[in-house]
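Q: Below are the sequence and a predicted model; questions follow.
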Amino acid sequence: MLASGAAALLTQILEQVTIDEKNLVTYDLTSDSAQVVAFGGVANANVLIIATDRKVKVRVTSADGATQAIPVDDTLILISRTVPITAVDITRVPATETHVSVFLGEKA
């Protein structure tokens, strides 16, 4: 049991996606404006992994919708095999320097 009285649940994650192109970028967010994520050689991302040391708002764009906002305060793992992500931006909590690592992978 956790200190709050809620039951603890541990789950292993084992997902596999064969990647053709990938890009790993890191950002130190020193401004309150949105940071557009560079896709490098990735045209369409089927895998998005974000690790951050503080809370951020991540906005993703795909064929299913533009700038869909997701709060992330540690780790985000998003796999979309059939609807790839075409754009990502990240916004920090105002006036809070934040370090973010972003992995983008395009399936083979």
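A: Great, that's in hand.
Q: So what touches the lowest-mean-pLDDT helix or strand in the chain?
A: In the chain, no helix or strand scores lower on mean pLDDT, DSSP states H and E than strand 65-72, which sits at a mean of 92. Residues outside strand 65-72 that contact it (Cβ atoms under 8 Å, 6 or more residues apart in numbering): 50, 52, 55-62, 76, 78, 89. C-beta: built from backbone N, CA, C; applies to glycine.
Q: Among those, which ones are in strands?
A: 50, 52, 56-62, 76, 78, 89 (DSSP state E).
Q: List only those of those residues flagged as buried.
A: Taking 16 or more other Cβ atoms under 10 Å as the criterion, what is buried in those is 50, 52, 56, 58-60, 62, 76, 78, 89.
Q: and the angle for the least confident helix or strand of the chain with strand 75-79?
A: Angle of strand 65-72 versus strand 75-79, following axes from the mean of the first three to the mean of the last three Cα atoms, to 10 degrees, is 140 degrees.
Q: tell me which residues of strand 65-72 are tucked away?
A: Val72.
Q: Where does the prediction get shaky in this structure?
A: Residues of the chain that meet the criterion pLDDT under 70 lie in 1-9, 11.
Q: hmm, try it at 90
A: Along the chain, segments meeting pLDDT under 90 span 1-15, 65-67.
Q: ok, the residue nearest the centre of it - contacts?
A: Centrality entry for the chain: nearest residue to the mean C-alpha point is Ile50, 3.5 Å, by Cα atoms, centre = their mean. By Cβ under 8 Å, 6+ apart, the contact set of Ile50 is 56, 58, 72, 75-76, 90, 100-103.
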